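Visitor: give me the fold of what follows.
(one chain, ligands or ions: 1)
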Amino acid sequence: MGSTTATALSALVQAQLHSPSPIRQIMKMAERANILAMGLDPADVISFGGGWVNHEAPEAFRQAYVDVVSDPVTFHQSGAYTATLGDLGCREQIARFEAHLFGVRGLGPEHIALGMGSTQLTKDLFTTLLDPGDTVMLLDPTYANYEGQLAFVAPNLKIVRLPVLDPDTWTYRPVSDPDGVARDFVRLFDAHKPKLVLFGAPDNPTSQIVPQALAALMLERTAAAGAWLAIDFAYKCQYFEAPPAYYAWSPVEHPNVIGIHSNSKWARGLGRRLGWIEAAPAVIDGLERVLQCSILCPDTLEQMTMARYLARAIDDGSLRAYVDHANALYREAARVTLDAIDMHIGHRRLTPSGGLYTVMDVGRNADEFVPEALKATGVLVVPGRGFGASIANGVRISYGPMVTTPERITEGLRRLGAWMRQ
Ligand SMILES: Cc1ncc(COP(=O)(O)O)c(C=O)c1O
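Guide: Numbering: from 1, shown residues only. You can find the predicted model right below:
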């Protein structure tokens, strides 16, 4: 027998395997086998780790599935391909959704590309917009997946971080102070000339909403420089205060602005994959070419049911009522979380403006703190480092999964506090 050559994975994948996301690592640590190996009872573990919602999807939406699946004709249709950008009727309903809930004006199907959730769409959007060597500006901290997504898109992409959290004061930095975020943005933008600026509204992990003044400055600079401004609206429907004016921005008025949207969080459709991009028609055309090679078409059943549900729920007012009700649930879960942190732990934390999270200062390297806390208390939180250097000493606490069991939130934070005070 001759010798065989080891069959290698791509260099890029090998490199990425060696830099796994710290969040994935932690979630792995919380798997059942590891919990048992730590001597803990899995039933006793309280996890603040999950970035997911747990309210119920609209009943009328579930009924739309029943209707489609129970009729042999529509069920057969749900097994067909749609257009690569998605079914026209569903894209029209998504445009109505945005006008109805947020006052986005002038949107039509030509501004919308549907996909299999915002994760897939974000990566394909990066492919659509970026060339090797381009620079992307992200907030620090921000959603941990962007870096990996960028690494898979093109070689030598550079990331420049705009610090928005002050780890000394544990506050979201003011925009317009003499040494506020606006000044840093202009300095970094001029020095690095990013092709794309991307932020989340509200952001993950901080649940802070970038103020209108900063978004307006970003718009002005990116538009003048011929750069893109993308806003990740994964949590757009979870807002605890009046949304800023940019929630209504449309690619019709601002052709360099791109919205990244998801049905995961508002409709509790995390695993029923459906999301969309809102952008100028030229971006949608480019994205269509990319989508032809990545998904061919979005999931037809999801599109059919979403289109049917929205067509009725916008007209009869039940969509607005549903979103308001879900918002009230998360606002209350956020309040319970903050009260429990203040009462049982007493460390600095941010007040969420929406979304599913808060971040808390633990005053030491959270990569060490988190496994120690899990072992000692059976409580899981996420270390901050994966979101950015500014919260290396902080943890993300997600109240999303426990939105209907607030007593678990209080119990988890009580346990954590008792251990931290020892
Ligand atoms: C900021 C942000 N964007 C995108 C996503 C992924 O959403 P999707 O389920 O649509 O892929 C998440 C999920 O946690 C997120 O936090």
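
Visitor: the ligand contacts on the stretch 51-200 of the chain?
Guide: 51, 117, 118, 119, 143, 200 (CB under 6 Å from any ligand atom). Just so you know, the C-beta spots here come from the backbone N, C-alpha and C atoms, and that holds for glycine as well.

Visitor: right, and the pair among these with maximum separation?
Guide: 117 and 200 (15.0 Å; CB to CB).

Visitor: which one of these two has more residues nearby?
Guide: residue 200 (26 against 23; other CB atoms under 10 Å).

Visitor: chain neighbours aside, what residue packs nearest to the more buried one?
Guide: residue 232 (4.1 Å; CB to CB, 6 or more residues apart in numbering).

Visitor: what helix or strand does residue 216 sit in?
Guide: Element membership of residue 216 [criterion: DSSP states H and E] is helix 212-225.

Visitor: quick one: list the elements packing against that helix.
Guide: Helix 212-225 sits against helix 181-192, strand 196-200, strand 228-232, with contacts defined as 3 or more CB pairs under 8 Å, 6 or more residues apart in numbering; DSSP states H and E.

Visitor: between those, which gets nearest to residue 356?
Guide: Going by CB to CB, the one of the helices and strands packed on helix 212-225 nearest residue 356 is strand 196-200, 11.8 Å.

Visitor: ok, back up a step: the helix holding residue 216 vs strand 196-200, what angle?
Guide: On the basis of axes from the mean of the first three to the mean of the last three CA atoms, to 10 degrees, helix 212-225 is oriented at 160 degrees to strand 196-200.

Visitor: would you mark the buried spots in helix 212-225?
Guide: Of the residues in helix 212-225, 214, 215, 216, 217, 218, 219, 221, 222 count as buried by neighbour count, 16 or more other CB atoms under 10 Å.

Visitor: any chance of those in JSON lines, plus distance to residue 247 and pLDDT?
Guide: Output for the buried residues of helix 212-225, formatted as JSON lines (distance: CB to CB, whole Å; pLDDT from 0 to 100):
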{"residue": "214", "distance to residue 247": "14", "pLDDT": "97"}
{"residue": "215", "distance to residue 247": "10", "pLDDT": "98"}
{"residue": "216", "distance to residue 247": "13", "pLDDT": "98"}
{"residue": "217", "distance to residue 247": "17", "pLDDT": "98"}
{"residue": "218", "distance to residue 247": "14", "pLDDT": "98"}
{"residue": "219", "distance to residue 247": "13", "pLDDT": "98"}
{"residue": "221", "distance to residue 247": "20", "pLDDT": "98"}
{"residue": "222", "distance to residue 247": "18", "pLDDT": "98"}
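
Visitor: hang on, the earlier thing: just give me the closest of the residues of the stretch 51-200 of the chain next to the ligand to residue 89.
Guide: residue 117 (20.0 Å).

Visitor: pLDDT score for that closest one?
Guide: Per-residue confidence at residue 117 stands at 97 (pLDDT).

Visitor: thinking it is in contact with residue 277, fair?
Guide: No - if you go by CB atoms under 8 Å, residue 117 and residue 277 don't touch, sitting 11.4 Å apart.

Visitor: chain center to the helix or strand bottoming out on mean pLDDT in the chain, what's the gap?
Guide: None of the helices or strands of the chain scores lower by mean pLDDT, DSSP states H and E than helix 22-29, at a mean of 76. For helix 22-29, the gap between its own C-alpha mean and the chain's C-alpha mean amounts to 17 Å (CA atoms, centre = their mean, to the nearest Å).

Visitor: please identify the buried residues of it?
Guide: So helix 22-29, judged by 16+ other CB under 10 Å, has buried residues 22, 23, 26, 27, 29.

Visitor: how many neighbours does the closest residue to the second one other than its chain neighbours have?
Guide: Setting aside the residues directly before and after it, residue 23 is nearest to residue 386 in space (CB to CB, 6+ apart), at 4.9 Å. For residue 386, the tally of surrounding residues (other CB under 10 Å) stands at 25.

Visitor: where does residue 386 land in three-state SS?
Guide: What DSSP: H, G, I helix; E, B strand; the rest coil gives for residue 386 is helix.

Visitor: mind checking how far it is from the ligand?
Guide: Taking CB to the nearest ligand atom, to the nearest Å as the criterion, residue 386 is separated from the ligand by 12 Å.

Visitor: what's the answer for residue 291, then?
Guide: Taken as CB to the nearest ligand atom, the span from residue 291 to the ligand is 15 Å.

Visitor: same thing with residue 74?
Guide: 25 Å.

Visitor: element containing that residue?
Guide: Residue 74 belongs to helix 72-77, assigned by DSSP H and E.

Visitor: so which strand or helix has residue 276?
Guide: strand 275-278.

Visitor: whichever helix or strand comes after that strand versus strand 228-232: what angle between them?
Guide: Counting by DSSP H and E, the next helix or strand C-terminal to strand 275-278 is helix 281-294. Angle of helix 281-294 versus strand 228-232, following the same axes, to 10 degrees, is 60 degrees.

Visitor: can you list the buried residues in helix 281-294?
Guide: 283, 284, 286, 287, 288, 290, 291.
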